[in-house]
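Enquirer: sequence plus the predicted model coming up.
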Amino acid sequence: MSRTTYRSDSKIRTVAAVAVFCALAYVACVVFHFRASFLTFDLKDAVMTVGAMLFGPAWGFAMVLVVALIEMVTVSTTGLYGFVMNVLASASFVCTASFIYTRRRTMKGALVGTLCAVAAMTAVMMLANLVITPFYIGATAADVAKMIPTLLLPFNLTKAVFNAALVFILYKPISAALRRAGFASVTVLGTDTAAHKPEKTRGLGLTIVIAALVAAAALVFFFLVLHGSVSFG
């Protein structure tokens, strides 16, 4: 097989895999809906982040745009406002996490990437809520600012932490499935250089357990403190 043919085949497989991630992310945003007041979130950011960690932040941004557009024209009731807010929130999270991780494919790189993604998305959404939300809910910027400590900040922080934890839970099974299907050659999160060592496998298992506990704690906070709710379908 010539180098040109190999590159073309690799590009096709990447596009196919990214399309699968877009479909999974769309399903996630349709099936699960977490709501607190007028704010909602779903699981799509975690799915797209896994894809972006495998294929890079540029593909991650492409996924964000495609999924947000499809969501806007199919199931969203917030129109252009929802599209803009979705793109800002998802892009700041997905691209930040994947940009850092793709430059250091280790567990530490993944942890730093997701922590930075949590901070980036929370900061971006605070600014976006101050600038855009007043037009959506018919309030002043001062009124929206009053909601920051009691609703907007804890909501966006909880959303980001929950999705960050899901990334660690989902990465191993999704990347392994894609690898077996021939779509991805990237090895399992945090084991890129020493996947054969038993301690690495145990460390990954412990990371997944901790991530599950963090996700559960985020949901407890969401339901008990923010009085959130969840719906399916």
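Expert: Looks like it came in fine.
Enquirer: who's in contact with Val161?
Expert: 118, 214, 218 (Cβ atoms under 8 Å, 6 or more residues apart in numbering). Bear in mind the C-beta positions are built from the backbone N, C-alpha and C, glycine included.
Enquirer: grab the most central residue of the protein for me.
Expert: Nearest to the geometric centre of the chain sits Asp45, at 2.3 Å (Cα atoms, centre = their mean).
Enquirer: low-confidence stretches in this protein?
Expert: 1-9, 183-203 (pLDDT under 70).
Enquirer: please, where are all the strands along this protein?
Expert: 32-36, 39-41, 229-232 (DSSP state E).
Enquirer: let's have those strands in CSV, adding distance to Lys159 and mean neighbour count.
Expert: Below are these laid out as CSV (distance: least, Cβ to Cβ, whole Å; neighbours: other Cβ atoms under 10 Å):
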stretch, distance to Lys159, mean neighbour count
strand 32-36, 8, 18
strand 39-41, 4, 21
strand 229-232, 13, 10
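Enquirer: tell me which of those strands sits nearest to Ala181.
Expert: Minimum separation from Ala181 across the strands of the chain (Cβ to Cβ) falls at strand 32-36, 24.9 Å.
Enquirer: for that closest one, packing partners?
Expert: In terms of contact count using 3 or more Cβ pairs under 8 Å, 6 or more residues apart in numbering; DSSP states H and E, strand 32-36 is assigned the packing partners strand 39-41, strand 229-232.
Enquirer: strand partners of the shortest one, parallel vs antiparallel please.
Expert: Spelled out, that is strand 39-41. strand 32-36 (antiparallel) (DSSP bridges).
Enquirer: which residues of the chain fall in helices?
Expert: For the chain, the helices defined by DSSP state H occupy 3-31, 44-55, 57-74, 79-101, 107-131, 133-137, 141-146, 153-180, 198-224.
Enquirer: picking that back up, output the contacts of Val161 in a markdown table; the columns should cover distance to Thr140.
Expert: Output for these, formatted as a markdown table (distance: Cβ to Cβ, whole Å):
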| residue | distance to Thr140 |
| --- | --- |
| Val118 | 29 |
| Val214 | 36 |
| Ala218 | 31 |
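Enquirer: so which of those wins on neighbours?
Expert: Neighbour counts for the contacts of Val161 peak at Val118, which has 23 neighbours (criterion: other Cβ atoms under 10 Å).
Enquirer: burial of Ala62, as a residue count?
Expert: When neighbours are counted by other Cβ under 10 Å, Ala62 comes out with 19.
Enquirer: correct me if wrong: it contacts Phe21.
Expert: No: applying Cβ atoms under 8 Å, one finds Ala62 not in contact with Phe21, separated by 10.0 Å.
Enquirer: on that earlier part again, need the helices and strands packed on strand 32-36 in TSV (columns: distance to Val30).
Expert: TSV is the format used below for those (distance: least, Cβ to Cβ, whole Å):
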stretch	distance to Val30
strand 39-41	12
strand 229-232	10
